[in-house]
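> Have a look at this prediction, sequence included:
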Amino acid sequence: MGRPPKARKQEKNIGFFVTLVQYFVIQQKAEKAGVNISDYLRQTAVNGQVRAKWTPEEREMVKRLIGLSPLLHQLVEVAKKEGAADAMLFFVQRREEFDNAVNTHCHDR
């Protein structure tokens, strides 16, 4: 007797290596989805979306925008401690830094 034949036969085998951590992440996601690892990877590969790696320009843009976070943090702290008027003054004094970063990396594309 045995197992009945599948409606659609899988004809090709694709193998690849993963780290132990990656394996456990895949395993947990497959369990959460209620499928085995092969079905999970197959469905992810066929229906999923792969994002391209960032270009060097995009990485630089993110670094520069992240570099603005201390200024934003200072702005919030000034607003909390001294009020909106002093926060506005702080922003106006550093506005060129914000504008340069945003214009250079967000609008020049």
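That came through fine. Numbering: from 1, shown residues only.
> and the nearest residue to F98 once chain neighbours are set aside, what does it touch?
Take F98 and drop its neighbours on the chain: the residue closest to it by Cβ to Cβ, 6 or more residues apart in numbering is L68, 6.5 Å away. For every residue, glycine as well, the C-beta is placed using N, CA and C. Taking Cβ atoms under 8 Å, 6 or more residues apart in numbering, we find L68 in contact with E97, F98, A101.
> What subset of the residues you listed is buried?
A101 (16 or more other Cβ atoms under 10 Å).
> Closest one to I14 out of the contacts of L68, please.
Closest to I14 out of the contacts of L68 is A101 (43.2 Å), distances taken as Cβ to Cβ.
> From M88, how far out is the closest one?
The gap separating A101 from M88 is 19 Å, by Cβ to Cβ, to the nearest Å.
> what helix or strand is A79 on?
helix 69-82 (DSSP states H and E).
> average model confidence for that helix?
On average, the pLDDT along helix 69-82 is 85.
> swap in stretch 90-108?
Stretch 90-108 comes out at a mean pLDDT of 74.
> ditto for stretch 10-20
Stretch 10-20 comes out at a mean pLDDT of 90.
> got the contact list for that stretch?
In contact with stretch 10-20 (Cβ under 8 Å, 6+ apart) are residues I26.
> Which residues belonging to that stretch are considered buried?
So, applying 16+ other Cβ under 10 Å, stretch 10-20 has no buried residues.
> From the chain's centroid, how far away is it?
25 Å (Cα atoms, centre = their mean, to the nearest Å).
> Would you mind measuring the gap between the ends of it?
Stretch 10-20 has an end-to-end distance of 26 Å (criterion: Cα to Cα, to the nearest Å).
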